[in-house]
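>>> sequence plus the predicted model coming up.
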Protein chains: 2
Amino acid sequence: MKKLINDPQDVVAESLEGFALAHPDVVQVHTDPLFVTRAGGAVPGKVGLVSGGGAGHEPLHTGFVGVGMLDAAVPGAVFTSPTPDQIAPAIAAADGGAGVLTIVKNYTGDVLNFETAAELADADGITVRQVVVNDDVAVEDSLYTAGRRGVAGTVAVEKIAGAAAERGDDLDAVAAVAQRVVDNVRTMGLALTACTVPHVGGPSFDLGDDEIEIGIGIHGEPGRHRVGLESADALTEKLLTPVVDDLGLTGGEQALLLVNGMGGTPLSELYVVYRRARALLAARGVAVTRSLVGNYVTSLDMQGVSVTVLRLDDELTALWDAPVRTTALRW
Amino acid sequence: MKKLINDPQDVVAESLEGFALAHPDVVQVHTDPLFVTRAGGAVPGKVGLVSGGGAGHEPLHTGFVGVGMLDAAVPGAVFTSPTPDQIAPAIAAADGGAGVLTIVKNYTGDVLNFETAAELADADGITVRQVVVNDDVAVEDSLYTAGRRGVAGTVAVEKIAGAAAERGDDLDAVAAVAQRVVDNVRTMGLALTACTVPHVGGPSFDLGDDEIEIGIGIHGEPGRHRVGLESADALTEKLLTPVVDDLGLTGGEQALLLVNGMGGTPLSELYVVYRRARALLAARGVAVTRSLVGNYVTSLDMQGVSVTVLRLDDELTALWDAPVRTTALRW
């Protein structure tokens, strides 16, 4: 295994130590237990936003902590849920007195641990609401999930809910807009290569030199099926079609298109996929009015891509456009 | 070869077609010949900034076109210099009447073709100055270079010269500050894996499962030497030490530290390297006052990292901090 790491057990803590040193104006890293907050701490009177999950998907979630997005993020070990003992103090640190919304990707361990943490916080007098992201249309009930998995659509949920909290919406309103994003966002991904988990030391699954896994999640878990080598245009259609069909997106509607790299895919290839996805959406009469292309929800060094579509209306567009100042998204 | 591409001959054009569709507010892509300008075109009275080089290093250079940085970028085929016939129209499109500075990485083909293009532009009455970036301390006179290669330090040259042009400096002054960055920036990189060039179809060089290439450039050309598997901390020291020594950086000085991924390296590992580089600089009494961590000057899907140090003073710091609005750098 070739990796730029020291002891595999230390990679999450050491990486976050570097992260804190590089961005003291944006984030603060807390140790024992490990979580990340905005540099300035909780904002009095504002609804707090907390997310988290296994490490290995960077910049998700730590890269989305900052003004206009999350107040705190809680990383577990690589591909491992954070514990309630980590999450509860993060919720407390994010609470500015107006309650906290947790944004949780739909994996059984994550959902359970965030719920337990919410109970702990509630016992301390903090009102907590939870929204579960389940945007992956590839499979129902995967290895780690009851129902659909939460993947790259999480970025849109965190950005838009973050903007709603920032403008002063109350907890019910922030939870409602977050749920509205969940209801209107769908994703599907593929992998060209498996990823290598540091403490495992080998590829997360076996994929032949002439095979591509369609419908992959973000942990190297199995997808829908395998295909041989195909053109980027053909592969993009295999991702976009089920996303748009599941969403029931029709001509005349507006959408945000996110083409997300899994960590090891060159940026130039993501734009090749984006180009084809745009053409397919245009052929259906869907107007792409907002876009994001890059590595945002990754699986370590996996080569692959996911395509996410979010149905937009005027309010969601305005919240997407609102200023954001994190290490991974900034405008 | 597994890649998200269609015909290898079309990858640069198709990728830029997607790039243009995704970012119409920032860039405009011109075809026949192929080059990229700011969406608004040349700024009257402002010194124009043009860079370029072979594709495959994205987001360099196209991702740095926008307010506060480049006016135009000219991509060649993958790892191939753009032609004078492409560069000259890009210079003309970037000229706002105050002359144009070209920023050229030190590769023989790039330097020659930019010089020829400058002569063509001069014949059309445009004053052109050129600065050559040669920050790679790994080797003198590589396969493609007389003297040192130009690598990740190019980001700092383009950002700082861009800010100087934006504040209204004249051509001599912008050229002088760009040269001052070149004189004060050094880089060294390593590769864990080779990259795969689309029209070649195989790895750019052979590297064993237990080998790391130290002193790699950004085209998969040979480096200084090979080592076995080592910790991130040990490898970081092998990169940082020659950089700081060559720069003659001493205690009490301030620096910008750029940890740059080669395209296929997880962000989390870049922060592990950053952490160690910070500790080594602190031990030498050097204060890191500005930082950048991410994939900025890449080699397609290569796994690897480079460490860049720029000696800072108050003026360079202020120019680095000035607003920038490109697709890859934004603050």
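That came in fine, so what should we check first? Numbers count the residues shown, from 1 in each chain, chains lettered A, B, ... in the order given.
>>> switch to C-alpha atoms for all contacts and neighbour counts from now on
Will do.
>>> how about the helices in the stretch 1-150 of chain A?
For the stretch 1-150 of chain A, helices defined by DSSP state H, counting those that start in this stretch occupy the ranges A:11-22, A:84-94, A:108-123.
>>> and A:Asp314, what is it in contact with?
A:Asp314 makes no contacts at all, as judged by CA atoms under 8 Å, 6 or more residues apart in numbering or on different chains.
>>> now it: how far from A:Trp320?
Distance, A:Asp314 to A:Trp320, by CA to CA, to the nearest Å: 10 Å.
>>> could you list the low-pLDDT ranges of the stretch 1-150 of chain A?
Low-confidence segments of the stretch 1-150 of chain A, defined by pLDDT under 70, are located at A:142-144.
>>> of all the residues in it, which one is nearest chain B?
The nearest approach of the stretch 1-150 of chain A to chain B comes at A:Gly18, 4.1 Å away (CA to the nearest CA).
>>> could you say which helix or strand contains the spatially closest residue to that residue that is not a sequence neighbour?
In this structure, A:Gly18 finds its nearest non-sequential neighbour in B:Arg275, 4.1 Å apart by CA to CA, 6 or more residues apart in numbering or on different chains. Here B:Arg275 sits within helix B:267-283, counting by DSSP states H and E.
>>> export only the CA atoms of that helix, formatted as PDB.
The C-alpha trace of helix B:267-283 is given here as PDB (Å, rounded to 0.1, in the frame of the first residue of the first chain):
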ATOM      1  CA  LEU B 267      -7.000  15.700   0.300                       C
ATOM      2  CA  SER B 268      -6.600  14.100   3.800                       C
ATOM      3  CA  GLU B 269      -3.100  12.900   2.900                       C
ATOM      4  CA  LEU B 270      -2.100  16.400   1.700                       C
ATOM      5  CA  TYR B 271      -2.900  17.700   5.100                       C
ATOM      6  CA  VAL B 272      -0.700  15.000   6.700                       C
ATOM      7  CA  VAL B 273       2.100  16.300   4.600                       C
ATOM      8  CA  TYR B 274       1.200  20.000   5.400                       C
ATOM      9  CA  ARG B 275       1.300  19.200   9.100                       C
ATOM     10  CA  ARG B 276       4.900  17.800   8.900                       C
ATOM     11  CA  ALA B 277       6.100  20.600   6.700                       C
ATOM     12  CA  ARG B 278       4.800  23.200   9.200                       C
ATOM     13  CA  ALA B 279       6.700  21.400  12.000                       C
ATOM     14  CA  LEU B 280       9.900  21.400  10.000                       C
ATOM     15  CA  LEU B 281       9.600  25.100   9.100                       C
ATOM     16  CA  ALA B 282       8.800  26.000  12.700                       C
ATOM     17  CA  ALA B 283      11.900  24.200  13.800                       C
END
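>>> packing partners of it?
Applying 3 or more CA pairs under 8 Å, 6 or more residues apart in numbering or on different chains; DSSP states H and E, one finds that helix B:267-283 makes contact with helix A:11-22, helix B:232-247, strand B:254-261, strand B:287-294.
>>> quick one: contacts for A:Thr250?
Here A:Thr250 is in contact with A:Arg284, A:Gly285, A:Val286 (CA under 8 Å, 6+ apart).
>>> which is the next helix or strand following whichever strand or helix holds A:Arg186?
Element membership for A:Arg186, per DSSP H and E: strand A:185-191. Proceeding N to C from strand A:185-191, the next assigned helix or strand is strand A:212-214, under DSSP H and E.
>>> direction included, what does that following strand pair against?
Strand A:212-214 has the following sheet partners, assigned by DSSP bridges: strand A:185-191 (antiparallel), strand A:225-227 (antiparallel).
>>> if you average pLDDT over each of the ones you listed, which is lowest?
Among the strands paired with strand A:212-214, strand A:225-227 carries the lowest mean pLDDT, at a mean of 90.
>>> gap between the strand holding A:Arg186 and the chain center?
Remark: strand A:185-191 is offset 12 Å from the chain centroid, using CA atoms, centre = their mean, to the nearest Å.
>>> could you check the angle it makes with helix A:232-247?
150 degrees (axes from the mean of the first three to the mean of the last three CA atoms, to 10 degrees).
>>> show residues contacting strand A:185-191.
The contact list for strand A:185-191 (CA under 8 Å, 6+ apart) reads A:135-138, A:151-153, A:212-217, A:223, A:239-240, A:242-244, A:246-247, A:262, A:302-311.
>>> repeat for stretch A:100-119
For stretch A:100-119, contacts defined as CA under 8 Å, 6+ apart pick out A:47-53, A:81-85, A:87-88, A:91, A:94, A:126-134, A:144-151, A:154, A:157-158, A:171, A:174-175.
>>> please repeat the previous calculation with a cut-off of 6 Å.
A:47-51, A:81, A:83-84, A:87-88, A:128-134, A:144-145, A:149-150 (CA atoms under 6 Å, 6 or more residues apart in numbering or on different chains).
>>> paired strands for the helix or strand harbouring A:Val307, with orientation please.
Following DSSP H and E, one finds A:Val307 within strand A:304-312. Looking at strand A:304-312 with DSSP bridges, its partner strands are strand A:185-191 (antiparallel), strand A:254-261 (antiparallel).
>>> angle of the longest one against strand A:287-294?
Put plainly, it is strand A:254-261. For strand A:254-261 against strand A:287-294, the angle by the same axes, to 10 degrees is 20 degrees.
>>> okay, the angle between strand A:254-261 and helix A:267-283?
150 degrees.
>>> going through the contacts of stretch A:100-119, which ones are buried?
Buried residues within the contacts of stretch A:100-119, counting neighbours by 16 or more other CA atoms under 10 Å in any protein chain shown: A:47-51, A:81, A:83-84, A:87-88, A:128-134, A:145, A:149-150.
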